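Enquirer: let's see this in three dimensions:
(2 chains)
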Amino acid sequence: MSSPSSYYIPHEAKWPIIGSIALFAFFAGFASLLNGGGWIVMALGAALLVYMMVRWFGEVIAESENGQYSAQVDVSFRMSMMWFIFSEVMFFGAFFGALFYARTFSGPWLSGLGEGGAAATNAVLWSGFDYVWPNNGPEQLGDNYTPMHWFPLPVLNTLILLTSGVTCTIAHHAIKHGDRAKMVRWLLATCALGFFFVIMQAVEYYEAYAHLNLKMTTGIYGSTFFMLTGFHGFHVCMGAIILLIVMIRGTRKHFSATNHFAFEAAAWYWHFVDVVWLGLFIFVYIL
Amino acid sequence: MSTAAAGHHDHDDHGPAKGWTRWLWTTNHKDIGTLYLLFSLVMFFIGGGMALIIRAELFQPGLQLVDPLFFNSMTTMHALVMIFGVVMPAFVGLANWMIPMMIGGPDMALPRLNNWSFWIMPFAFLLLLSTLFMEGGGPAGGWTLYAPLSLQGGDSFAFVIFSIHFMGISSVMGSINIVATIFNMRAPGMTLMQMPLFVWTWLITAYLLIAVIPVLAGAVTMLLTDRFFGTSFFNAAGGGDPVMYQHIFWFFGHPEVYILILPAFGIISSIIPTFARKPLFGYASMVYATASIAFLSFIVWAHHMFTVGMPLAGEMFFMFATMMISVPTGVKVFNWIATMWRGSMTFETPMLFAIGFLVMFTIGGLSGLMLAITPADIQYHDTYFVVAHFHYVLVPGAIYSIMAATYYWMPKWTGNMYDEKWGKIHFWVSTVFLNVLFFPMHFVGLAGMPRRIPDYNLQFADWNAVATIGAFGFGFSQLIFVYVIYKCIKGGEKATDEVWEGADGLEWTVPSPAPYHTFEKPPAQYS
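Expert: The predicted structure is shown next:
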């Protein structure tokens, strides 16, 4: 089975076109909502998208459990997941790039540092603005605020995520030795830590909005803070849901010591969000 | 064993499914390739129609046909349609058709995902084109969507942003599929350095796409939140910087222009050896040159922004890095010429388009070298000289390579030879009108005519009238292309399996037309 003496080719696929319709409804609905319209089309699109994913993944899981996939298909899945994670890295790269650009160039230039017309621009437009990080710009958009301190919540969240990486690895070793029950137990711990992280992040956002006057509208600091942590939090949610599904599959006797691609894909994804968090913790919270 | 039974079952149905739903649900790389190519052809005429509106307005000075806002939305949409709706889907269509056959694979690695990659495109462009009918008109701030101008658009803004996200999903999924196919589906024994160059260039293109499309997604997401959620990424009052948008955008945008040309290099590297009846000169150096171009494409982006007010060190770095790209590109042009040197050349239509590519792409490359010189670019920036430059690399570059590929591989796709006489007429008429259209843009550009303006100074009138005549001639001569394709699908002289006398590669070992499933068992040539 492992050597490609004949190839696996799936039948006609009916879910992709439904996925396209769902995405179209979601995007068109979202855009209408932003233009002051209703939210129903967007919600319907999102619901259809979720339904499509459940059914499509369901079919793939069933085929996998029937043993229809050769080792070659397994490799295709693995490669695809790796390249998908690479694309996600580049997506976060855009926002980290914005953070570094704002801190290294925009801020100092607005305060008059640097060659060319920076000093004159500062004198005419933004007189009196001195660059410090964090800042909310020469016009102090969003008024006075308190920056988010790295202690205690972000440190706690760092510990949570790092611990979840360990529990995930223990689960991985368990399934590699064929111990499905142990895998489920440790995945349960991983998911719990993941959702705990999301709850802590929500608490942090509540603190920011309610007590620190730190909002998305708080100039460049608020923009980078909420976009980076927000997209990361969204990815943690996704990763935790994926791990949860892998865990449920484990309780249904899926996976074996040699055949557990879905577990490994979920684990890679989890380690990826972990690493992004470490970058966030250093560059958004500490430095 | 259920595995074997299920695996066997998959090979029972050899032909395509019945009825029109075949195209909706297909997982076959040839069906999906055909869909991509037809979609691209339709969009070519939509984008071309927009170009003709632009040229008609510019036929003489003054405002006569359309109002300036609509003119601006035409320049914006023309670019978005041609880049994302014509050139990229056409290359993906060619990749779908040819890569599995060239590497001796049965299909793409992820056939169902492949279906989704295609079927996103019509919906994404429905979203984009619908903006033309919205309050405030379509996007009119240029395809680069520079902040703050793009943020001031009407209702169309959010739709444009989401349509870019939408087609980005398609591009990333398609590219992941192509990478997985090339790495995992090659015939046993075929090493990377035995792959045809079209496969190599697409591998590197797919890598570029996976790397930079998410960056574009991030950039336009920041635009979206700046407009609707009060962030300050591109707002100096809040500590951001509009120039930051340009940096992030062009970090995507420059690799993007190589995404639009690297597969073309692969096509030309397939065609020239066939009609010169000699192996490609310097195969390994072609691979390394492609990889070098891909690497350099990540460190030259700010040459699009020389007039924006960068520190001098930045201007110098990006100038020299840009000039360095002419080295690997020169290697390629040299290799193509050396392939033809003392070859037994014949000049069928694909070869004509390939040679047209070689000559006119080089013109575009040389004007690019002029634009790379920072002090000179300060004069050329945002003039028609830039328009002339990138149309020379995109039209007789990317588009000609796609046409060359179509003529070259169409006999394999349809089983019929295309009409050689009309193919040659198509080439010559296109080439004459194309130069009438784009060459005068160099003159008006150097004389200072700005881009993206519906009106212009009287001194530019003559050459603009000439360019408009060329535009309509070029546009309508593409109907010949449609005629030749239609005629070839309908019938014609039967093509042999090899099709071309000097052709080399696995795709010429299978029958013409290629059977619905080509390599159900791996070919043995390489093991």
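Enquirer: three-state assignment of B:P122?
Expert: helix (DSSP: H, G, I helix; E, B strand; the rest coil).
Enquirer: contacting residues around it?
Expert: A:20, B:39 (C-beta atoms under 8 Å, 6 or more residues apart in numbering or on different chains). Where you see a C-beta, it was placed from the backbone N, CA and C, and this is true even at glycine.
Enquirer: quick one: it from B:L94, how far?
Expert: According to C-beta to C-beta, to the nearest Å, B:P122 and B:L94 sit 19 Å apart.
Enquirer: please apply the same query to A:C191.
Expert: A:C191 is 44 Å from B:L94, where distance means C-beta to C-beta.
Enquirer: what about the residue of the stretch 51-200 of chain A found nearest chain B, how many residues nearby?
Expert: Nearest to chain B, among the residues of the stretch 51-200 of chain A, is A:A94, at 2.6 Å (C-beta to the nearest C-beta). The number of residues packed near A:A94 is 24, by other C-beta atoms under 10 Å in any protein chain shown.
Enquirer: tell me which element it falls in.
Expert: helix A:71-101 (DSSP states H and E).
Enquirer: residues from the stretch 151-287 of chain A in reach of chain B?
Expert: By C-beta under 8 Å from any C-beta of the partner chain, the residues of the stretch 151-287 of chain A that approach chain B are A:215-217, A:219-224, A:226-227.
Enquirer: tell me which element the residue in the stretch 151-300 of chain B positioned nearest to chain A is part of?
Expert: Nearest residue of the stretch 151-300 of chain B to chain A, counting by C-beta to the nearest C-beta: B:G218, 2.6 Å away. In this structure, B:G218 sits in helix B:197-228 according to DSSP H and E.
Enquirer: and whatever helix or strand A:A62 lives in with helix A:71-101, angle?
Expert: Element membership of A:A62, judged by DSSP H and E, is helix A:40-65. Counting by axes from the mean of the first three to the mean of the last three C-alpha atoms, to 10 degrees, helix A:40-65 points 140 degrees away from the direction of helix A:71-101.
Enquirer: from the contact counts, what lies against helix A:40-65?
Expert: In terms of contacts (3 or more C-beta pairs under 8 Å, 6 or more residues apart in numbering or on different chains; DSSP states H and E), helix A:40-65 is packed against helix A:15-34, helix A:261-280.
Enquirer: pick the most buried one from these.
Expert: Highest mean neighbour count of the helices and strands packed on helix A:40-65: helix A:15-34, a mean of 22 (counted as mean count of other C-beta atoms under 10 Å in any protein chain shown).
Enquirer: quick one: list the elements packing against it.
Expert: Right, helix A:15-34 is packed against helix A:40-65, helix B:111-130, helix B:156-184 by 3+ C-beta pairs under 8 Å, 6+ apart.
Enquirer: what about the first one, average pLDDT?
Expert: To tie it back to what came earlier, the one meant is helix A:40-65. The average of the pLDDT scores along helix A:40-65 is 96.
Enquirer: would you mark the buried spots in it?
Expert: For helix A:40-65, burial by neighbour count (16 or more other C-beta atoms under 10 Å in any protein chain shown) applies to A:41-42, A:45-46, A:48-49, A:52, A:56, A:60, A:64.
Enquirer: what does the shortest one give?
Expert: By 16+ other C-beta under 10 Å, the buried positions in helix B:111-130 come out as B:111-125, B:127-129.
Enquirer: can you dump the C-alpha coordinates of that helix into CSV?
Expert: The C-alpha coordinates for helix B:111-130 follow below in CSV (Å, rounded to 0.1, in the frame of the first residue of the first chain):
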residue,chain,number,x,y,z
PRO,B,111,-8.0,17.1,-6.2
ARG,B,112,-10.9,18.2,-4.1
LEU,B,113,-9.1,21.3,-2.9
ASN,B,114,-8.2,21.9,-6.5
ASN,B,115,-11.8,22.1,-7.3
TRP,B,116,-12.4,24.6,-4.6
SER,B,117,-9.4,26.7,-5.6
PHE,B,118,-11.0,27.2,-9.0
TRP,B,119,-14.6,27.6,-7.9
ILE,B,120,-13.7,30.4,-5.6
MET,B,121,-12.5,32.5,-8.6
PRO,B,122,-15.9,33.2,-10.3
PHE,B,123,-17.4,34.2,-6.9
ALA,B,124,-14.5,36.4,-5.9
PHE,B,125,-14.8,38.3,-9.2
LEU,B,126,-18.5,38.5,-8.9
LEU,B,127,-17.8,40.3,-5.6
LEU,B,128,-15.2,42.5,-7.2
LEU,B,129,-17.1,43.4,-10.4
SER,B,130,-20.3,44.1,-8.5
